[in-house]
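Visitor: Could you look at this predicted model? Sequence included:
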Amino acid sequence: METSTHTRTLSRSTTLSDDDFDDKLDVPPVLLTMISVEGKPVLVEDDENDYKTDLVDAIPFSTIFTSSGKFKSYQRKIFVPGLDVTVAIEQSDRNLTSHFLNPNLYTITLTHGDFTWQVKRRYKHIQHLHQQLVLFRTSLNIPFPTKTHRQRRDNFKNNAVVSKSGKRKGALPRFPNKPEVLISHDRLQNRIKQLEDYLNNLLAINIYRNHPETIQFFELSHLSFIHDLGFKGQEGMVKKRLGNSGEGCKFMGLFTGDCCLRCKHLCNDVLCSTWSDRWFFIKDQCFGYIHPKTGRIGNVILFDQGFEVSSGLRALGLHTGVQISTYTRQLVINCWTRRKCREWIRALKEVAHNQARDFTQYNQRHSFAPVRNSINATWFVDGAGYMSAVADALSNAKEEIFIADWWLSPEIYLKRPALRGDYWRLDKVLQRKSVS
């Protein structure tokens, strides 16, 4: 009898009303898609057949040259067509000492086709995303809900809808309003389930999934899901020190010795450094950054045997700075928090010790490349045979041609004698490939 009474009491206490959720991200029952008109998002009604997207295995490598766009654009092509994105909150780290209002740090695992990655967010980060999407929803010219729409919205709460083509149209994203500080430890699993349902339902609606705030929240770019570039590593916005960053300004040589860390911090971080926003990314054999205003790749740096990563006030004069060094480049980035700084260092070292270990470890005869067995090789006696092979390789190129020669003349004839006029002249070969 006492157990039954306790069960009824617990059931009443755990029941949540509609006032505990924010339902402002509702959409009309018609299918909507977003287009850009004069740089502004405009919604148009779709036909049911528009959701019959053919599944593709992967995004082709060539899209890195065609799909770049401003990070604030609503027309960026990020996701693999026809594949859903699923969210699972694996765990949460609770810390009431340093984060009293938002004590829980959630580890969010996302899956999109063959790609799996993790992001760490607090309740305030998810709340900020929700607020930005509510502002976006309010700015759109969506008709007021009719009686039929309100009834359908009530049926959509916490229920996913699957169309005839098998495409999830998305249930209503319901954001839990209760502040995080009021969530007790025994109610934490319920809060995790609420946030997980909210993010899954949010990603099932195209106009919200493709929103720039959503893309940045889940640390995505147009390079994330290109299969030929390897796995999806860590990504995110950072501050990059302009120039080929070495040790920075020493204020006329006064800070060459670490005599004053406070003065070094003031010089490097405040007075004599110029910082710009860059989207930093890590792949299996390289890392680099993208200009968010244009979407173009700024630089790509390969992992090599000179790879080192350092941080800290004594090394850089920055509390949240990270210096990445290779044989070819030194790069200094500044993160928003110390936690993000530790995440970047951990991600870089993990890739260097695993996926890129063939290029960061010592190789025979001090080679930059590891020993490879059972590969094709050709012996060349003179330059004529080598240039002829280069001409054939350029003609067979499908995606990209990489030129590393500093003094190479564009008017050199790759195949001699020139029996076909200037057909095999280097600039003509490149011209044919550029228009093909």
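Guide: That came in fine, so what should we check first? Numbers count the residues shown, from 1 in each chain.

Visitor: check contacts around His125.
Guide: Phe217 (Cβ atoms under 8 Å, 6 or more residues apart in numbering). Backbone N, C-alpha and C define where each C-beta goes, glycine included.

Visitor: Look up how far Lys178 lies from it.
Guide: His125 sits at a distance of 16 Å from Lys178 (criterion: Cβ to Cβ, to the nearest Å).

Visitor: now the helices for the chain?
Guide: 2-14, 123-139, 147-156, 188-203, 206-209, 212-217, 261-266, 313-316, 338-353, 357-360, 383-395, 426-435 (DSSP state H).

Visitor: hey, C-alpha coordinates of the fifth one in PDB?
Guide: Right, the one you point to is helix 206-209. The C-alpha trace of helix 206-209 is given here as PDB (Å, rounded to 0.1, in the frame of the first residue of the first chain):
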ATOM      1  CA  ASN A 206      15.400  21.200 -42.700                       C
ATOM      2  CA  ILE A 207      15.000  25.000 -42.200                       C
ATOM      3  CA  TYR A 208      16.500  24.600 -38.700                       C
ATOM      4  CA  ARG A 209      19.100  22.000 -39.500                       C
END
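
Visitor: Would you state the strands of the stretch 1-150 of the chain in chain order?
Guide: 21-22, 32-37, 40-45, 86-94, 104-112, 115-122 (DSSP state E, counting those that start in this stretch).

Visitor: Could you export those strands as TSV, including mean pLDDT?
Guide: Output for those, formatted as TSV (pLDDT from 0 to 100):
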stretch	mean pLDDT
strand 21-22	82
strand 32-37	59
strand 40-45	61
strand 86-94	90
strand 104-112	96
strand 115-122	96
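
Visitor: To Lys398, which of those strands lies closest?
Guide: Of all the strands of the stretch 1-150 of the chain, strand 115-122 sits nearest to Lys398, with 23.2 Å by Cβ to Cβ.

Visitor: can you list the residues that contact that closest one?
Guide: For strand 115-122, contacts defined as Cβ under 8 Å, 6+ apart pick out 90, 99, 102, 104-110, 180, 217-219, 224-225, 231-234, 339, 343.

Visitor: Swap in 7 Å and give it another go.
Guide: Identification of contacts with strand 115-122 by Cβ atoms under 7 Å, 6 or more residues apart in numbering yields 102, 104-110, 218-219, 225, 232.

Visitor: Select only the buried ones of the residues you listed in PyMOL?
Guide: To isolate in PyMOL the members of the contacts of strand 115-122 that are buried, counting by 16 or more other Cβ atoms under 10 Å, one can use:
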select buried, resi 102+104+105+106+108+110+218+219+225+232
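
Visitor: now, among the contacts of strand 115-122, which is nearest to Asp84?
Guide: Set against Asp84, the nearest of those by Cβ to Cβ is Leu110 (10.7 Å).

Visitor: My guess is that closest one contacts Phe218. True?
Guide: Yes. At 6.2 Å, Leu110 counts as touching Phe218 under the criterion of Cβ atoms under 7 Å.

Visitor: Okay, Glu196 and Thr86: tell me how far apart.
Guide: Distance of Glu196 to Thr86, given as Cβ to Cβ: 10 Å.

Visitor: picking that back up, will you turn the strands of the stretch 1-150 of the chain into TSV that also has distance to Gly383?
Guide: Listed next are the strands of the stretch 1-150 of the chain as TSV, based on distance: least, Cβ to Cβ, whole Å:
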stretch	distance to Gly383
strand 21-22	70
strand 32-37	51
strand 40-45	56
strand 86-94	55
strand 104-112	48
strand 115-122	44
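
Visitor: For Thr66, which of these is the nearest?
Guide: Between these, strand 32-37 lies closest to Thr66; by Cβ to Cβ that is 16.5 Å.

Visitor: low-scoring pLDDT stretches of the stretch 51-200 of the chain, where are they?
Guide: For the stretch 51-200 of the chain, applying pLDDT under 70 flags the ranges 51-56, 67-68, 141-170.

Visitor: Swap in 80 and give it another go.
Guide: Counting by pLDDT under 80, the ranges of the stretch 51-200 of the chain that qualify are 51-58, 65-68, 97, 140-171.
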